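> what follows is a predicted structure for the sequence shown.
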Amino acid sequence: MAELHPFKAVRPTRDKAHLVATRPLASYKKHILKAKLEENPYTFIHIIHPEVNKAFKTKSTAKERFQVVRQQFDTFEKEGVLFQDQEPCIYIYRQTTATNEFTGVVAGASIAEYEADLIKKHEATLTTREEMFTNYLNIVGFNAEPVLLSHEPSDAIEAFLKEASQARPEYEFSTTDCVKHELWVLSPKQTKQIQQLFAAIPSLYIADGHHRSASSARLAEKYRDSGNPLVNPQFFLAFLIDERRMKILEFNRLVKTLNGHTPESFLETLKELFEIKELNSGRNPVQEHELTCYLKGKWYSMVGKLSICASKDPVKSLDAQILTDYVLTPILGIQDLKTDQNIAFVSGAEGLKAIEEAVDKGTAEAGFVLYPIRMEQVKAVADNQLIMPPKSTWVEPKIRSGLTIYMINE
């Protein structure tokens, strides 16, 4: 079963929700970020990244920086920008773009189910990042960015969300990236209903947020070991969505070296493994086991030959792994995708233009575009307790921070 935990969210007042909610810092261009910080005193960035504001000097240690984060959070509460719901709730959140509508549930997800592998993982986490996030959560005492969890299709859940979202939302606003955001606060009766519906879901899958969920689990373990009786660390903030409603895009590769090859010799080497065809213009792959490559101003289709595409292994059969096993490592000498400086990643959301610009400017020698991984492939990897290649998927929606903040110590 999938256990949903109601919680008393700290959230913006209705008139300031559109000003508080924020994308991750790295997603803003420098000039936009500068203007945002100068002109918007309510943005959540003032809390989670206080060092970007010269008025708040943070010392070098993470502990002291995290303490300033908590101080800024307390200031926002004291000034009435943020307030806390009086009763535990579950929330419906909807994000609408020009091409997609993402509707799901914001709630606490069970760490016990995470540890029992009922919340399934497909990505390896770095211990250093886990430790840093755990320390962060322990000091600041809140979680503001939900982990994205997918669940199997449920007509009953979908019908519930459709009916509940007919009411006027608590928040309804659009952001400058042309995305509409809506949030509904469920009544106690509705909260029980949605809990019962999710109890019929056998397992959940982490779509985005492996380090955040792992860090929450590590913090819960820390509290258990110390005998701390707190309840909330047994759950972590999550946004749960029907797997049919998510959008999985590819994560493309840029390589900064041909490892001694000329473009011509590189293509000749590729022909041993792929059917190579020059294209009139750039395009995405149209089928699994096809990649497209941008090299020296030209686009090529690369269709894998049977000898490299016949594996039934859930990981080795992935195009991202095929590219690594047969091109990146043996031909280009890229051994570790996590650490090698000769590899970079571009999300499918950035399009082919990002690939072309990098190669044309000389910051990369070639770019490879992959066919998007299917949810069935993600689940096969997770069900077999395997790990996907780094940067295999770009998953939408990307949830904004600061709309429903989960207090760990309450």
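Thanks, I have the structure now. Numbers count the residues shown, from 1 in each chain.
> residue 340 - how many residues pack around it?
As a burial measure, residue 340 scores 17 neighbours (other Cβ atoms under 10 Å). (Each C-beta comes from the backbone N, C-alpha and C, glycine too.)
> I figured it was touching residue 324, is that so?
No. Residue 340 lies out of contact with residue 324 (Cβ atoms under 8 Å); the separation is 10.8 Å.
> find residues that contact each of these two.
Taking Cβ atoms under 8 Å, 6 or more residues apart in numbering as the criterion, residue 340 and residue 324 both touch residue 334.
> where in this structure is pLDDT low?
51-61, 227-232, 410 (pLDDT under 70).
> could you chop it up by domain?
4-247+396-407, 248-395 (automatic domain parsing).
> can you map out the strands along the stretch 1-150 of the chain?
Here the stretch 1-150 of the chain has its strands, by DSSP state E, counting those that start in this stretch, at 4-5, 10-12, 82-84, 91-96, 101-110, 119-120, 142-143, 147-151.
> where do the helices sit along this protein?
Using DSSP state H, the helices of the chain run over 17-20, 30-39, 45-48, 62-78, 111-115, 127-140, 155-164, 188-198, 210-226, 263-270, 306-309, 319-323, 351-361, 375-383.
> for residue 278, find the nearest of these.
helix 263-270 (9.2 Å; Cβ to Cβ).
> please save the CA atoms from that closest one in CSV.
Output of helix 263-270 as CSV, limited to C-alpha atoms (Å, rounded to 0.1, in the frame of the first residue of the first chain):
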residue,chain,number,x,y,z
PRO,A,263,35.4,13.5,-37.5
GLU,A,264,35.9,11.2,-40.5
SER,A,265,37.7,8.4,-38.6
PHE,A,266,35.2,8.7,-35.8
LEU,A,267,32.3,8.1,-38.2
GLU,A,268,34.1,5.2,-39.8
THR,A,269,34.6,3.6,-36.4
LEU,A,270,30.9,4.1,-35.6
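> so what touches it?
Against helix 263-270 from outside (Cβ under 8 Å, 6+ apart): 258, 261, 276, 293, 295-296, 300, 302, 327, 331, 366.
> so which of those residues is the most crowded?
Using other Cβ under 10 Å as the neighbour criterion, residue 293 leads those with 26 neighbours.
> ok, the closest residue to it other than its chain neighbours to residue 289 distance?
Of all residues not flanking residue 293 in the chain, residue 300 sits nearest, at 4.7 Å (Cβ to Cβ, 6 or more residues apart in numbering). From residue 300 across to residue 289, the span is 15 Å (Cβ to Cβ, to the nearest Å).
> what do you get for residue 355?
Using Cβ to Cβ, one gets 19 Å for the distance from residue 355 to residue 289.
> higher neighbour count, the two?
residue 355 (24 against 18).
> and the gap between the closest residue to that one other than its chain neighbours and residue 292?
Computed as Cβ to Cβ, 6+ apart, the closest residue to residue 355 that is not its neighbour in sequence is residue 367, at 3.6 Å. The gap separating residue 367 from residue 292 is 9 Å, by Cβ to Cβ.
> over to residue 264?
Residue 264 sits 18 Å away from residue 292, taking Cβ to Cβ as the criterion.
> those two: which has the busier surroundings?
Each of residue 264 and residue 292 has its neighbours counted (other Cβ under 10 Å); residue 292 has more, 23 against 10.
> mind listing what the more buried one touches?
Taking Cβ under 8 Å, 6+ apart, we find residue 292 in contact with 279, 282-285, 299-302, 368-369.
> just want the most central residue of the protein.
residue 208 (3.5 Å; Cα atoms, centre = their mean).
> isn't that one right next to residue 145, touching?
No. Counting by Cβ under 8 Å, residue 208 does not reach residue 145; the two are 9.9 Å apart.
> residue 173: which of the helices of the chain is closest?
Once the helices of the chain are compared by Cβ to Cβ, helix 17-20 is nearest, at 3.7 Å.
> next one: the closest one to chain centre, how far?
Taking the mean of its C-alpha atoms, helix 17-20 sits 21 Å from the chain's own mean (Cα atoms, centre = their mean, to the nearest Å).
> what packs against that helix?
Under the contact criterion of 3 or more Cβ pairs under 8 Å, 6 or more residues apart in numbering; DSSP states H and E, helix 17-20 touches strand 10-12, strand 171-175, strand 179-185.
> contact partners for residue 45?
Applying Cβ under 8 Å, 6+ apart, one finds that residue 45 lies in contact with 22, 25, 33, 36-37, 52.
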